[in-house]
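Visitor: quick one: sequence and predicted model below, then my questions.
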Amino acid sequence: MSEPRKARIATTSLAGCFGCHMAILDIDERLIELLKLVDIDRSPLTDIKRFTQRCDIGIIEGGCCNEENVHVLRDFRRNCDVLIALGQCAIMGGLPAMRNAIMHSDDPLRECLEEAYISGPYLRNTTHNIPNDPALPLMLDKVYSCADVVEIDYQIPGCAPSGDVIYSALSRLLAGKFHGFDRETIRFD
Amino acid sequence: MSDTGFTFTIDGLPVQAKPGQTIMEAADDAGVYIPRLCDHEGLRHQGGCRVCTVKASGRSVAACTQPATPDLVVENESEHINSMRRDLVEMLFHEGNHLCPICEASGNCELQAMAYRLDMTQPTKFPYLEPCRALDASHPDIALDTNRCISCGRCIRASQDVDGKGIFGYVGRGIHRRVAVNGVDLAHTDAAVTDDAISADVCPVGCIIRKRVGFSKPIGSREFDDGLIGQKIESKRK
C-alpha cells in the first residue's frame, strides 16, 4: 500500500517582521512530527522562491504595504487551496498599519517617508534622499490586510501567535478537524 | 410591586431577583455572566453598546437596562446571540484603530477580552474605517487617543456622577457620535489623574491613557491574560 500523499505547505512573509516565521520554529521538536505530514514548497524556510506545484495550504505573514506584497499574495491565492493569515499584520495590517493613521496630513505617505529618511531627529542619512531605486517595489497608499486583497480562509491571531497555537491549528487543519481555537488561547498581542 | 423576591430563568437556570433589579444585576448576583462593555459597576446603566443583548421571552433587550420580571425566560449564551454580539464587537474594532500589538491597554482591554470570549477569530466581513482623530496629550498626566474610543460613555458618567466634574460629553449624532472633552483640550479642564473617570477601570479600552504607567505591568501578566472576561462573576455561581 502506498503512503498517503503528504500535504504541501507554502509560507511567505509580506509586510511583517518575520516574527510569525520565528513562531513557526517555536513549534520546536513537534516540527519533526509535522514534517512527516507535510512537504514545504515555496517558503523562506526552504529558500524556494517560486511555487514548484500546487499547494494545499498557504501561510501568509504580514499585510500588504507595497505592490510586490500584493503580487505575492495573489500568487499564493492562485496556487494554494487554503490560505491562512498568520498573525495580526496579516489579519488587520498590524504595526505597519500605524502609518495609515498619520494625522493632519494631506499626503501621509510622503510625510511618513520624510520623517523616516530625511527629517527624523535620530537619522544619519548622508544622501538626504528617500530611497527611489527602480528595483524597489512601489509603496501602496496605505497598508492593507490580506483579506482586503484576496479571500482568506482561516486566521491564526497573535503577535506573534505562540508555537502551541500554530501547531494545534495546523495539526487539526491537516486532520480535517479544525473548528476554531480554545477561547483561553486566543491572543491579539 | 411587592418587596418580595421572585425567580426567573436564564438559559434554564433559575435566578433569584429583587424588585427593581435589572436582568444583568440579578444575573451578576447569581453568578451568570452577561457580556457587557458600556456597563460598569458603580455607574448608572446606559444600554448603549448592546453587547449585553439577551432574548427575554423572545424579545431582544439590553440586559443592563431591562428590569427583571417574575417568570421571565431569558436566553443568554445561545449561538445566535453570541454571533450577534461577536458582530457588534467586531464592528467596534473596525470603527476605531484597535491595533492590539501597539496598544498599551492590551491585556487589560475589555474590548479585546470580549473578542477573546466571543471567539472573534474568523476572517473579517467588515471594512476598516481607520479614523484619523488627533491625539490630545496636552494634560501633564493624561493623554487621550480617541481613535481607540468605543463611545461607551463610561468616562462621561464617571466624571458627571462620581467626580461631579463633567469633563467628558457626547458630541454629534448617529455614526458621528463621539466622546469629546468639555473644553479646548484636556489641559483646559479640571481633569486630574486621581479622577474616577481617569482610573484604569473606567475606560474599557486604551483611549484614556495615564502617562508614565503604560508598561509597568508587562504584557502576559495582565488582567485578562489569566482567564476570560467574566470569570470573576461566573465563579460566584453555586
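Guide: Noted; the coordinates are in hand.
Visitor: elements contacting the longest helix anywhere in chain B?
Guide: Longest helix of chain B, by residue count under DSSP state H: helix B:79-95. On a contact count with 3 or more CB pairs under 8 Å, 6 or more residues apart in numbering or on different chains; DSSP states H and E, helix B:79-95 meets strand B:53-56, helix B:110-117. To be clear about C-beta, it is placed using only N, CA and C from the backbone, and glycine gets the same treatment.
Visitor: now check the last one, is it near chain A?
Guide: So the one you mean is helix B:110-117. Yes - judged by CB under 8 Å from any CB of the partner chain, helix B:110-117 and chain A are in contact via B:112, B:115-117.
Visitor: report the beta-bridge partner residues of the residue nearest the centre of chain A.
Guide: With distances taken as CA atoms, centre = their mean, chain A has A:Glu61 as the residue nearest its mean C-alpha position (1.2 Å). Counting by DSSP bridges, A:Glu61 is bridged to A:Ser13, A:Leu86.
Visitor: just the pLDDT at it, thanks.
Guide: At A:Glu61, the pLDDT value in this model is 97.
Visitor: that one and B:Gly166, how far apart?
Guide: Distance of A:Glu61 to B:Gly166, given as CB to CB, to the nearest Å: 47 Å.
Visitor: quick one: contacts for A:Ala147?
Guide: By CB atoms under 8 Å, 6 or more residues apart in numbering or on different chains, the residues touching A:Ala147 are A:85, A:91, B:123-124.
Visitor: mind checking which helix or strand it is in?
Guide: helix A:146-149 (DSSP states H and E).
Visitor: re earlier: most neighbours of all the contacts of A:Ala147, which one?
Guide: Greatest neighbour count in these, by other CB atoms under 10 Å in any protein chain shown, goes to A:Ala85: 29 neighbours.
Visitor: that one contacts A:Glu151, doesn't it?
Guide: No - A:Ala85 is not in contact with A:Glu151 according to CB atoms under 8 Å; the separation is 10.6 Å.
Visitor: what's the next helix or strand after the helix holding A:Ala147 in contact with?
Guide: Remark: after helix A:146-149, the chain's next helix or strand is strand A:154-156, criterion DSSP H and E. Residues from elsewhere that reach strand A:154-156 (CB under 8 Å, 6+ apart): A:82-87, A:90-91, A:165-166, A:169, A:173, A:178, B:121-123.
Visitor: just stretch A:120-132 next, same as before
Guide: Contacts of stretch A:120-132 (CB under 8 Å, 6+ apart): A:113-114, A:117-118.
Visitor: strands - which of the residues you listed land there?
Guide: Among the contacts of stretch A:120-132, the subset assigned to strands under DSSP state E is empty.
Visitor: what's the closest non-adjacent residue to B:Phe126?
Guide: B:His94 (4.8 Å; CB to CB, 6 or more residues apart in numbering or on different chains).
Visitor: and chain A, which residues reach chain B?
Guide: A:85, A:88, A:91-95, A:97-98, A:100-104, A:142, A:145, A:147, A:151-155, A:157, A:159, A:180-181, A:183-184, A:186-189.
Visitor: low-confidence ranges, the chain, go.
Guide: Picked chain A for this. A:1, A:103-104 (pLDDT under 70).
Visitor: hmm, I had chain B in mind actually
Guide: B:1-2.
Visitor: please, which helix or strand holds A:Leu173?
Guide: helix A:163-174.
Visitor: also B:Ala26?
Guide: helix B:23-30.
Visitor: packing partners for that helix?
Guide: strand B:6-10, strand B:13-17.
Visitor: how is chain B carved up into domains?
Guide: B:6-77, B:85-211 (automatic domain parsing).
Visitor: now, of the residues of chain A next to chain B, which are buried?
Guide: Buried positions within the residues of chain A next to chain B, assessed by neighbour count (16 or more other CB atoms under 10 Å in any protein chain shown), are A:85, A:88, A:91-95, A:97, A:100-102, A:142, A:145, A:147, A:152-155, A:157, A:159, A:181, A:186-189.
Visitor: before we move on, back to that, got a list of what the residue nearest to the centre of chain A touches?
Guide: Applying CB under 8 Å, 6+ apart, we find A:Glu61 in contact with A:11-14, A:16, A:18-21, A:86-87, A:89-90.
Visitor: again, only using 6 Å
Guide: Shown in contact with A:Glu61 (CB atoms under 6 Å, 6 or more residues apart in numbering or on different chains): A:13, A:16, A:20, A:86-87, A:90.
Visitor: next one: B:Gly20
Guide: So B:Gly20 contacts nothing (CB under 6 Å, 6+ apart).
Visitor: ok, it to chain A distance?
Guide: 34 Å (CB to the nearest CB, to the nearest Å).
Visitor: for that residue, grab phi and psi.
Guide: When read as degrees, to the nearest 10, the backbone of B:Gly20 gives phi 90, psi -10.
Visitor: ditto for A:Cys80
Guide: phi -120, psi 140.
Visitor: surely it touches A:Gln53?
Guide: No - with contact defined as CB atoms under 6 Å, A:Cys80 does not count as touching A:Gln53 (11.0 Å).
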